[in-house]
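*Asks:* Show me the folded form of this:
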Amino acid sequence: MAGTEPTHRPILRALSEAHGEPITGEALGRKLGISRTAVWKQVQKLRSMGYPIESLGKKGYRLAGPVDLLSRQELAPRLTTRWLGHHLEHHQSVGSTNERAMELARAGAPNGTVVGAEAQTQGRGRLQRSWSSPMGKGIYVSLVLRPELPPRRGPEMTLLAALALAESIRDAWNLDARIKWPNDLLLSDRKAAGILTEMQSESERIQFLVVGTGINVFQTREDLGGDLLYPATSLALELDAAMSGAYARPPHLTRAKVLAGYLNRLETLYEGWVQEGLAPYLKRLKERSAVLGRYVRVQTGETTVVGRVTDIAPDGALVLEENRGGQRALYVGDILRVRPAEQAAGPEGP
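*Replies:* Predicted structure coming up:
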């Protein structure tokens, strides 16, 4: 990024490199060639961004704990992308990252713009369901994408984003992430993430897509509750179970690392998708599917469809062999229940 580095960044670097030891405002001022008052103002700015900086009187300032924010400072060193995430708007709290991204997209925000927040007050998923977004525990992020494609291709983006997230989590933490068509990510058959894609288009072309992604990272079982349509989990809970220990924050797991891995993978998949469509990724989508070969109950509009999933079509449709006979391709729907193939479905389905 061109231009002079903002003053708060070297202050943050100096505090990070001190590993919890205090540094006086005078020492920071000398290092940066600014006054102690200017140092104080920059420390206040860092605090407003969510950095846990303590004032210790004459001893100065110190970073009071580990930093795990979705800010540009934490994300940029981990990104390998050429364009995705290079325009980043970071909020401590926002109503909905999707709503904010839609505003920016309508105002001309460039392809690859990312809106992230430490918390949402009006987070939502598909069908206007609320998405719990507690401060600092999950990833709440929305992407502005501008593919030169016809509107019928827009829904494919949800599956592509799900694939990018599933593969990045599998590769980074060796967790068996699975896609519950079309927009949920499961770990141990529990929901760990959801994707909401919204589109604005003309008759012949997509103007923009907003891809909202909510990922449970550090939520505990108490945070997740038990009144959800689908049982929920988090990356930390699944890593803890894999390590067979008491719940603890795995030292290698950070939200910035999760988000950067997702964006890095998604940029590559997106570029291929724009050129070649979804077909080149079908094999990988099927390998990561949580429903292929299983019996499902799907709500699509006011209709409920029950049957065994036999395929994912080249355009992303879910292909079912219905209980009542015949095949059906679904382009939209909400999977309400999944049953293993070995458990035969009755007349009313799984």
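
*Asks:* Could I get the buried residue list for the lengthiest helix in the chain?
*Replies:* Longest helix in the chain, counting residues (DSSP state H): helix 255-276. Using 16 or more other CB atoms under 10 Å as the test for burial, helix 255-276 gives 255-267, 269-270, 273. C-betas here are computed from N, CA, C, even on glycine.

*Asks:* got it, and stretch 49-61?
*Replies:* Buried residues in stretch 49-61, defined by neighbour count with 16+ other CB under 10 Å: 49, 50, 51, 53, 54, 60, 61.

*Asks:* Would you agree the second one falls within a strand?
*Replies:* No: counting by DSSP: H, G, I helix; E, B strand; the rest coil, residue 50 is not part of a strand but coil.

*Asks:* Of the buried residues of stretch 49-61, which pair is most distant in space?
*Replies:* Farthest-apart pair in the buried residues of stretch 49-61 is 50 and 60; separation 20.3 Å (CB to CB).

*Asks:* For the stretch 101-250 of the chain, which segments are assigned as helices?
*Replies:* For the stretch 101-250 of the chain, helices defined by DSSP state H, counting those that start in this stretch occupy the ranges 156-173, 221-224, 235-243.

*Asks:* Against which helices or strands is the last one packed?
*Replies:* So the one you mean is helix 235-243. Here helix 235-243 touches helix 156-173, going by 3 or more CB pairs under 8 Å, 6 or more residues apart in numbering; DSSP states H and E.

*Asks:* List the buried residues in the helix it packs on.
*Replies:* Neighbour counts over helix 156-173 (16+ other CB under 10 Å) mark 156-169, 172-173 as buried.

*Asks:* pLDDT on that helix, on average?
*Replies:* For helix 156-173, mean pLDDT rounds to 97.

*Asks:* Show me what it is packed up against.
*Replies:* Using 3+ CB pairs under 8 Å, 6+ apart, the elements in contact with helix 156-173 are strand 178-180, strand 184-187, strand 190-201, strand 206-216, helix 235-243, helix 255-276, helix 282-287.

*Asks:* Among the ones you listed, which comes closest to residue 17?
*Replies:* Closest approach to residue 17 among the helices and strands packed on helix 156-173 is made by helix 255-276 (17.8 Å; CB to CB).

*Asks:* chain center to that closest one, what's the gap?
*Replies:* Relative to the centre of its chain, helix 255-276 is centred 11 Å away, using CA atoms, centre = their mean, to the nearest Å.

*Asks:* Quick one: residues contacting the residue lying closest to residue 233 once chain neighbours are set aside.
*Replies:* In space, and not counting its chain neighbours, residue 233 is closest to residue 190: 3.8 Å by CB to CB, 6 or more residues apart in numbering. Counting by CB atoms under 8 Å, 6 or more residues apart in numbering, residue 190 touches 230, 231, 232, 233.

*Asks:* Extract the C-alpha trace of the helix or strand bottoming out on mean pLDDT in the chain and format it as CSV.
*Replies:* The least trusted helix or strand in the chain, going by mean pLDDT, DSSP states H and E, turns out to be helix 8-17, with a mean of 82. The C-alpha trace of helix 8-17 is given here as CSV (Å, rounded to 0.1, in the frame of the first residue of the first chain):
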residue,chain,number,x,y,z
HIS,A,8,-0.3,4.2,15.1
ARG,A,9,1.1,1.2,13.3
PRO,A,10,4.8,1.6,14.4
ILE,A,11,3.5,2.3,17.9
LEU,A,12,1.6,-1.0,17.8
ARG,A,13,4.6,-2.8,16.5
ALA,A,14,6.8,-1.4,19.2
LEU,A,15,4.4,-2.5,21.9
SER,A,16,4.0,-6.0,20.3
GLU,A,17,7.8,-6.4,20.2
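
*Asks:* among the contacts of residue 190, who's most crowded?
*Replies:* Highest neighbour count within those: residue 232, with 22 neighbours (other CB atoms under 10 Å).

*Asks:* how close does the residue nearest to the spatial centre of the chain get to residue 81?
*Replies:* In the chain, the residue lying closest to the centroid (CA atoms, centre = their mean) is residue 213, at 3.8 Å. Residue 213 sits 15 Å away from residue 81, going by CB to CB, to the nearest Å.
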